[in-house]
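>>> model this:
(one chain, ligands or ions: 1)
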Amino acid sequence: MAEKESVVEQRAHNFSAGPAGLPLAVLEEVKEELLVYPGAGASVMEISHRSKAFAAIHAGAKENIQKLLKLPDNYKVLFLQGGATLQFSMIGMNFLNGGTADYVHSGSWAKKAIGEAKKHGTPRVIWSGEADNFNRMPADGDLDLDANAAYVHYCANETIQGIEFPTEPAVGGKPLICDGSSDFLSRPLDITKYAMLYAGAQKNVGPSGVAVVILRDDMLEQVPDGLPSLLDYKVMADNDSLYNTPPCWGIYIIGKTTKWLLDQGGLEGIEKINRDKAGLIYDTIDNSGGFYKGHAVKEYRSQMNVTFTLGSEELEKKFIADAAAQGLAELKGHRSVGGCRASIYNAMPKAGCEALRDFMVEFQRANG
Ligand SMILES: Cc1ncc(COP(=O)(O)O)c(C=O)c1O
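From the prediction side, this is the model:
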């Protein structure tokens, strides 16, 4: 095999579900600034979170998100530790507080959110996709909404099953809380429909360990007294995420990635690119005469996580191994559902999806 020319060429097409690939342009910039952040005399990892340089990084990351989402003034952008999973608990502690809330049970991540909420009150399941093996999302009419619910929680994109809401569910004015971890900033949305939108950063916008939380101000009025400070949205909002040392590195990368998103034409621009990319793989599945079988009902196919099976587990193993040997990495489905999964978040270049399509066509020709 010819020797690889550069480090960049050694990078595989990375279909990991998360932590996932970051834009190469962002990584190159970060590499450039690793030893000395311009003007700071040290790396971003080595400067105070109260320094002027970090204050500008933090403000820049917030501003980019505000621009991308056209965020009105009555929303806060918080960067919190503990990933999206801690948000499952914080939502219960801050907004459920012994009461009831409506939860859509759409798959593995919704289930985890419901499990955490049970520790703080009564989450009512207002729709479940379990009987259909979580291959679709509900239509608005399917939701059994409760007038007394404190909020409605849903997961916009189930990363493991590969299903996505085409648009937000209609919840008749109830506060809508969304786990947007795996399709965050991948398409335009009307943020005014949300009371809260949160996302673990490690799929579309940054490294793991930081969650972006977008919270409407009126929600803060419901926060009970006495919560541990770091688990209290009011404390974190009043202190602009800086009650303690924040996840500085994560915020820095999010700033770079969101700037990159603005350069792609914002959410409208990235949505078009994402649709083209996903189309390449779904078309290959649809044109395979059943050799590849998609898991999701077409209308609810995820634009971020393409899940599919082949005729047998043995063939799937060969598919994954042969793909890896050709530089197409991490195509194994989640251990709970099996099969194959291609995660194609914002940073996956179209060339990666073209390479996967070509591989799938050739694999079918050789093994079909
Ligand atoms: C939709 C969704 N929600 C929540 C999580 C949990 O995120 P974290 O690992 O950051 O807690 C994930 C992680 O894969 C996810 O895909």
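>>> What number of neighbouring residues does Arg50 come out with?
For Arg50, the count of nearby residues is 9 (other Cβ atoms under 10 Å). In this view, the C-beta of every residue, glycine as well, is placed from N, C-alpha and C.
>>> Now do the same for the closest residue to it other than its chain neighbours: its pLDDT.
Nearest non-adjacent residue to Arg50, counting by Cβ to Cβ, 6 or more residues apart in numbering: Leu242, 7.5 Å away. Here the pLDDT value assigned to Leu242 is 98.
>>> ok, Leu242 to Ile114 distance?
Separation of Leu242 from Ile114 (Cβ to Cβ, to the nearest Å): 32 Å.
>>> Could you do Gly60 as well?
Taken as Cβ to Cβ, the span from Gly60 to Ile114 is 36 Å.
>>> Tell me what the residue in the stretch 101-250 of the chain that the ligand sits nearest to is bridged to.
In the stretch 101-250 of the chain, no residue comes nearer to the ligand than Gly200, which is 2.8 Å away by Cβ to the nearest ligand atom. Applying DSSP bridges to Gly200 gives these bridge partners: Ala211.
>>> Show me what counts as buried in stretch 294-313.
Neighbour counts over stretch 294-313 (16 or more other Cβ atoms under 10 Å) mark 294-296, 300-310 as buried.
>>> Can you tell me which of those residues is nearest Asp286?
Closest approach to Asp286 among the buried residues of stretch 294-313 (Cβ to Cβ): Gly294, at 7.6 Å.
>>> next one: phi and psi at that closest one?
Main-chain torsions, Gly294, degrees, to the nearest 10: phi -70, psi 150.
>>> Provide the partner residues of it in its beta bridges.
Assigned bridge partners for Gly294, using DSSP bridges, are Phe308.
>>> you'd agree it is up against Thr284?
No: Gly294 is beyond contact range of Thr284, at 10.1 Å (criterion: Cβ atoms under 8 Å).
>>> Let's see the helix or strand where Leu215 lies as PDB, backbone CA atoms only.
Here Leu215 sits within strand 210-216, counting by DSSP states H and E. Output in PDB follows, covering the C-alpha atoms of strand 210-216 (Å, rounded to 0.1, in the frame of the first residue of the first chain):
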ATOM      1  CA  VAL A 210     -20.600  20.100  27.400                       C
ATOM      2  CA  ALA A 211     -24.300  20.600  26.700                       C
ATOM      3  CA  VAL A 212     -25.700  23.700  25.000                       C
ATOM      4  CA  VAL A 213     -28.900  24.700  26.700                       C
ATOM      5  CA  ILE A 214     -31.200  27.300  25.200                       C
ATOM      6  CA  LEU A 215     -33.800  28.400  27.700                       C
ATOM      7  CA  ARG A 216     -36.700  30.800  27.600                       C
END
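>>> Quick check: mean pLDDT of that strand?
98.
>>> Name the single longest helix found in this structure.
The residue-count maximum for a helix in the chain (DSSP state H) belongs to helix 266-286.
>>> So which residues on the stretch 151-300 of the chain come close to the ligand?
Cys155, Thr159, Asp179, Ser181, Ser182, Gly200, Ser208 (Cβ under 6 Å from any ligand atom).
>>> Need the contact partners of the strand holding Leu215.
65, 69, 71, 74-84, 86-87, 175, 184, 191, 194-201, 205, 233, 237, 247, 250-251, 254 (Cβ atoms under 8 Å, 6 or more residues apart in numbering).
>>> got the contact list for Asp73?
So Asp73 contacts nothing (Cβ under 8 Å, 6+ apart).
>>> give the contact list for the most centrally placed residue in the chain.
Nearest to the geometric centre of the chain sits Ser182, at 2.1 Å (Cα atoms, centre = their mean). With contact set as Cβ under 8 Å, 6+ apart, Ser182 has these partners: 17-18, 109, 156-159, 199, 203-204, 302, 304-305, 345.
>>> Now do the SS call for it.
Under DSSP: H, G, I helix; E, B strand; the rest coil, the three-state class of Ser182 is coil.
>>> in the helix or strand where Ala366 lies, what's buried?
Following DSSP H and E, one finds Ala366 within helix 350-367. Residues of helix 350-367 classed as buried: Gly352, Cys353, Ala355, Leu356, Arg357, Phe359, Met360, Phe363, Gln364 (neighbour count, 16+ other Cβ under 10 Å).
>>> Centre of the chain to it, how far?
Relative to its chain's centre, helix 350-367 lies at 25 Å (Cα atoms, centre = their mean, to the nearest Å).
>>> Show me where the stretch 1-150 of the chain has its helices.
Under the criterion DSSP state H, counting those that start in this stretch, helices of the stretch 1-150 of the chain are mapped to 7-10, 24-33, 52-69, 83-91, 108-117.
>>> Skipping adjacent residues, who's closest to Val171 in space?
Val152 (4.4 Å).
>>> What pLDDT does the model give Arg335?
Reported pLDDT for Arg335: 83.
>>> And Ala55, by the same measure?
Reported pLDDT for Ala55: 98.
>>> what's the neighbour count on it?
14.
>>> same check, this time on Asp140
12.
>>> what about the nearest residue to it once chain neighbours are set aside, neighbour count?
For Asp140, ignoring the flanking residues on the chain, the nearest one in space by Cβ to Cβ, 6+ apart is Ala170 at 4.6 Å. Residue crowding around Ala170 was assessed by other Cβ under 10 Å; the count is 15.
>>> Does Ala170 touch Pro138 like I think?
No: assessed by Cβ under 8 Å, Ala170 is found out of contact with Pro138, at 10.8 Å.
>>> Please list all residues in contact with Lys256.
Val26, Glu29, Val30.
>>> which non-adjacent residue is nearest the second one?
Read it as Glu29. Counting by Cβ to Cβ, 6+ apart, the residue nearest Glu29 is Lys256, at 6.0 Å.
>>> just to confirm, which helix or strand has that neighbour in it?
Here Lys256 is assigned to helix 248-263, by DSSP H and E.
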